[in-house]
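Q: quick one: sequence and predicted model below, then my questions.
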Amino acid sequence: MENNKMIEVTDLSKDYHVVKKEAGLSGAIKGLFKSGKQTIKAVSHVDLSVDKGEIIAVIGPNGAGKSSLIKMMTGVLTPTGGQVLINGKDITKNRKEVVKNIGVVFGQRTQLNWDLRLGESFELLRHIYEIDRDEYEKNLEVMDEILGIKEIINKPVRQMSLGQRVKGDLVAAMLHSPEVLFLDEPTIGLDVNTKFALRKFIKEINRVNKTTIVLTTHDLGDIEELCERLIIINHGKIIEDCNLLDITDRIAPYKTLVVEYYDDENIPTHENSTLDKVEGNVARYRFMKNDITAAALIAELSNKKKMKDVAIEEVGIDEIIRIAYGQ
Amino acid sequence: MKWINKYLFVYKTQIIRSFTYKYDVYGNIIMQTIIMITSAFFWRALYGFDISKPYGDVMVNGVRLEDMLTYIIMSSVLSVLLSTNVERRIESSVRNGSISTDMMKPLNIFGIYLSEDLGRITALIFQNILPILIIGSLFIKVPAMSDLTQLPRFCISMMLSFGINWLLAALFGMWAFTAIDVDALIQVKKHLLRLLSGSIIPLWFFPDWFANILKALPFAYIYQLPLDIYIGKSSDVEVLQMMTIQAIWLVVLGLAFFIVSKRATRKIMIQGG
């Protein structure tokens, strides 16, 4: 029987102990004698399972526990409780073995060496991960097609633009063909073209190599482009774990019809929709997808009053996430 | 033995990296030259050197001026061979978080740091040691070894002192990385070590009671012992005795390093890098 679970996180918790200090001089003096210890639950009792070949996005507001979760999943942070299995192996017990099978990209820092040319950094990684030359050349060839990495391979990393550096980092993380790739805000601060290339690359390696990808991001475009599954965490807990379409249907199952009339007199209403807002001759109708189709609503409304223009707005992913955070 | 290839490549890469820095290198040559030349004047004055008389016979504590001058040139050479970056490396990687990316590699992080230090020093042989030797030979004297049969002993003792020095630096780095101003601490440690190790003033010029204390500490075995062997100051028995103590210190510090590094890694992994 083949185990299809690539990542299994069970009952994972992380507490940080911080010394609590009171403000002001009296607080500082009190602190000399006794210091109150405060426990912060960065991650509490998280269960998560990711199949081979899945791409998931982990999102949450700043300080929600995303980074701690990713750090524990990559084995650089010891959990307070629970365990992480990567391809069936416990990462805290077999760290050296498991890390050979994962690749990591942090958008905000680099594993490339500032003083070296990109190619020299790659050569170093080739030796560290014991990749043989043929496989290395082949991998590089494939990645070059999408990212055009060979153009910059002789450039020192310190002279690279952010986009070039992140591309380099992504290639560096994939050189040893890991089965799991962690991307921590990979597109942060990048221009549209670079983002596009990166997303294409991520999709491609997922398709070809069946690489399991865990992505954290604040960029909703990343999510819409790449993921089918969305994990939302807040206050150290998973508050949503669902399909991108399902969450839209559940949290915001409505659309908005925006109608522009020729004038603002006698704006009509409709029993299957609510008139959200009227601004001059523009009216916004909110309707449930199950109650009425947009076509029917337009037809029935235009019988009542002549329309100049219509538009249909769906609730954007950012709105959904905002609602989910607020829950 | 395949694992060693990885570290060899880290070593090789560090050599390439080191050649990208130029100004640090010139700075150190200038500094070492100044230290060497002033020490030479200082010792010549102390020995009552008079240019019109042959000076070969004046002995202080059983050491001729000739040998003393060799001592200071070789001490400058040793100070380059024994320079370490591991303290700063620990501190900066914890502070900027790159320690997590290092830990995600299938390598031991201290293995990486040691390979990097060795690579850096290899580059320094060309960047620093050769210029220092040339300047020393031209302006002071050729620092020839007194008895070439002692060369194997000198080399072994050099390796041991490198080990002691590196372990001390790594231990110090693990202790210091939480401090606010690590650079200042590193400077204090560096100069204290040079003073206590006989690098600037040989131990035989200290009062006996103080020299004895220093002989019980590991520092003297970093500079003084290899230099003693180089100028042929001590008898065979003394040298072997001191090399035994040196080896014992290496083992003791090795054990301490093993325990402390385990604890430090665990602490970093619990607090989050």
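A: That came in fine, so what should we check first?
Q: give me the distance between B:Cys155 and B:Leu148.
A: 12 Å (CB to CB, to the nearest Å). Where you see a C-beta, it was placed from the backbone N, CA and C, and this is true even at glycine.
Q: ok, B:Ile72 next?
A: 20 Å.
Q: of those two, which one has the most company?
A: Between B:Ile72 and B:Leu148, counted using other CB atoms under 10 Å in any protein chain shown, the more crowded position is B:Ile72 (24 against 9).
Q: so where does the more buried one fall, helix or strand?
A: helix B:65-81 (DSSP states H and E).
Q: which strands or helices does that helix pack on?
A: helix B:23-46, helix B:109-124, helix B:130-139, helix B:151-176, helix B:224-231 (3 or more CB pairs under 8 Å, 6 or more residues apart in numbering or on different chains; DSSP states H and E).
Q: highest mean neighbour count out of the ones you listed?
A: helix B:224-231 (a mean of 26; mean count of other CB atoms under 10 Å in any protein chain shown).
Q: tilt between that helix and helix B:65-81?
A: For helix B:224-231 against helix B:65-81, the angle by axes from the mean of the first three to the mean of the last three CA atoms, to 10 degrees is 130 degrees.
Q: how much does whatever helix or strand comes next after helix B:224-231 deviate in direction from helix B:224-231?
A: Downstream of helix B:224-231, the next assigned helix or strand under DSSP H and E is helix B:236-271. Relative orientation of helix B:236-271 versus helix B:224-231 (the same axes, to 10 degrees): 140 degrees.
Q: neighbours of the residue of the stretch 1-150 of chain B found nearest chain A, just the number please.
A: Using CB to the nearest CB, the single residue of the stretch 1-150 of chain B nearest to chain A is B:Phe9, 3.7 Å away. Residues contacting B:Phe9 under the criterion other CB under 10 Å number 18.
Q: ok, now which ones touch the closest residue to it other than its chain neighbours?
A: Distances taken as CB to CB, 6 or more residues apart in numbering or on different chains place A:His127 nearest to B:Phe9, at 3.7 Å, with adjacent residues excluded. Counting by CB atoms under 8 Å, 6 or more residues apart in numbering or on different chains, A:His127 touches B:Asn5, B:Lys6, B:Phe9.
Q: need the worst-confidence member of these.
A: Ranked by pLDDT, the contacts of A:His127 bottom out at B:Asn5, which scores 89.
Q: quick one: secondary structure of residue 183?
A: If you meant another chain, say so; for now it's chain A. Here A:Leu183 is recorded as strand under DSSP: H, G, I helix; E, B strand; the rest coil.
Q: which residue is the nearest non-sequential neighbour of it?
A: Nearest residue to A:Leu183 in three dimensions, chain neighbours excluded: A:Leu215, at 4.6 Å (CB to CB, 6+ apart).
Q: for the residue of chain A found nearest chain B, pull up the helix or strand it's in.
A: Nearest residue of chain A to chain B: A:His127, at 3.7 Å (CB to the nearest CB). Under the criterion DSSP H and E, the helix or strand holding A:His127 is helix A:118-128.
Q: and that helix with helix B:109-124, angle?
A: 130 degrees.
Q: residue contacts, the residue nearest to A:Leu183?
A: A:Ile55, A:Ile56, A:Ala57, A:Val58, A:Phe182, A:Leu183, A:Pro186, A:Ile202, A:Asp222, A:Leu226, A:Cys227.
Q: wait, the second one touches A:Leu230, no?
A: Yes - counting by CB atoms under 8 Å, A:Ile56 touches A:Leu230, with 7.3 Å between them.
Q: returning to what we had before: for the contacts of A:Leu215, give me a markdown table that also has distance to B:Gln271.
A: Conversion of these to a markdown table gives the following (distance: CB to CB, whole Å):
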| residue | distance to B:Gln271 |
| --- | --- |
| A:Ile55 | 31 |
| A:Ile56 | 27 |
| A:Ala57 | 27 |
| A:Val58 | 22 |
| A:Phe182 | 20 |
| A:Leu183 | 24 |
| A:Pro186 | 26 |
| A:Ile202 | 31 |
| A:Asp222 | 30 |
| A:Leu226 | 32 |
| A:Cys227 | 31 |
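Q: of these, which belong to helices?
A: Counting by DSSP state H, the contacts of A:Leu215 place A:Ile202, A:Asp222, A:Leu226 in helices.
Q: okay but B:Arg120 is in contact with B:Val86, surely?
A: No - using CB under 8 Å as the test, B:Arg120 is too far from B:Val86 to be in contact (10.3 Å).
Q: contacting residues for B:Ile73?
A: Neighbours of B:Ile73 in contact, by CB under 8 Å, 6+ apart: B:Met36, B:Ile132, B:Leu133, B:Gly136, B:Ser137, B:Ile140, B:Lys141, B:Pro143.
Q: in these, find the pair that's most separated.
A: Farthest apart among those by CB to CB are B:Ile132 and B:Lys141. That separation is 13.5 Å.
Q: secondary structure element holding A:Thr194?
A: Counting by DSSP H and E, A:Thr194 is part of helix A:192-209.
Q: what lines up beside the following helix or strand past that helix in the sheet?
A: Of the helices and strands lying after helix A:192-209 in sequence (DSSP H and E), the nearest is strand A:212-216. Strand A:212-216 has these partner strands in its sheet, going by DSSP bridges: strand A:55-59 (parallel), strand A:180-184 (parallel).
Q: tell me the pLDDT at the residue of the stretch 151-273 of chain B found nearest chain A?
A: The stretch 151-273 of chain B approaches chain A most closely through B:Met269 (4.6 Å), counting by CB to the nearest CB. We have a pLDDT of 82 for B:Met269.
Q: thought it was touching A:Pro79?
A: No - counting by CB under 8 Å, A:Pro79 is not a contact partner of B:Met269; they are 9.9 Å apart.
Q: now B:Val94. Nearest residue, chain neighbours left out?
A: That would be B:Phe177: by CB to CB, 6+ apart, it lies 5.3 Å from B:Val94.
Q: residues contacting that neighbour?
A: B:Ile90, B:Glu91, B:Val94, B:Arg95.
Q: can you check A:Leu85 too?
A: A:Lys5, A:Ile7, A:Glu8, A:Val9, A:Thr10, A:Ile91.
Q: residues making contact with the helix holding A:Thr194?
A: Contacts for helix A:192-209 (CB under 8 Å, 6+ apart): A:53, A:55, A:142-143, A:146-148, A:163, A:166-167, A:170, A:174, A:177, A:181, A:183, A:186-187, A:190, A:211, A:213, A:215, A:219, A:221-222, A:225-226.
Q: among those residues, which ones are buried?
A: The neighbour count (16 or more other CB atoms under 10 Å in any protein chain shown) marks A:55, A:142-143, A:146-147, A:163, A:166-167, A:170, A:174, A:177, A:181, A:183, A:186-187, A:190, A:211, A:213, A:215, A:219, A:222, A:225-226 as buried among these.
Q: what's the residue closest to the geometric middle of chain B?
A: Centroid-nearest residue in chain B: B:Leu82, 2.3 Å away (criterion: CA atoms, centre = their mean).
Q: what pLDDT does the spatially closest residue to that residue that is not a sequence neighbour get?
A: Excluding the flanking residues, the one nearest B:Leu82 by CB to CB, 6+ apart is B:Asn165, at 4.8 Å. With respect to pLDDT, B:Asn165 scores 96.
Q: quick check: B:Asn165 touching B:Ile222?
A: Yes - the pair B:Asn165 / B:Ile222 is scored as a contact, 4.9 Å apart, by CB under 8 Å.
Q: now do the shared contacts for these two.
A: By CB under 8 Å, 6+ apart, the residues touching both B:Asn165 and B:Ile222 are B:Leu82.
Q: do you know the pLDDT at B:Ile231?
A: The model's pLDDT for B:Ile231 equals 92.
Q: identify the residues contacting it.
A: B:Ile231 touches B:Val63, B:Asp67, B:Thr70, B:Tyr71, B:Met74, B:Ser146, counting by CB under 8 Å, 6+ apart.
Q: same thing with A:Leu140?
A: A:Phe122, A:Ile149, A:Lys150, A:Val171, A:Leu175.
Q: in those residues, find the pair that's most separated.
A: Most distant of the contacts of A:Leu140, by CB to CB, are A:Lys150 and A:Leu175, 13.9 Å apart.
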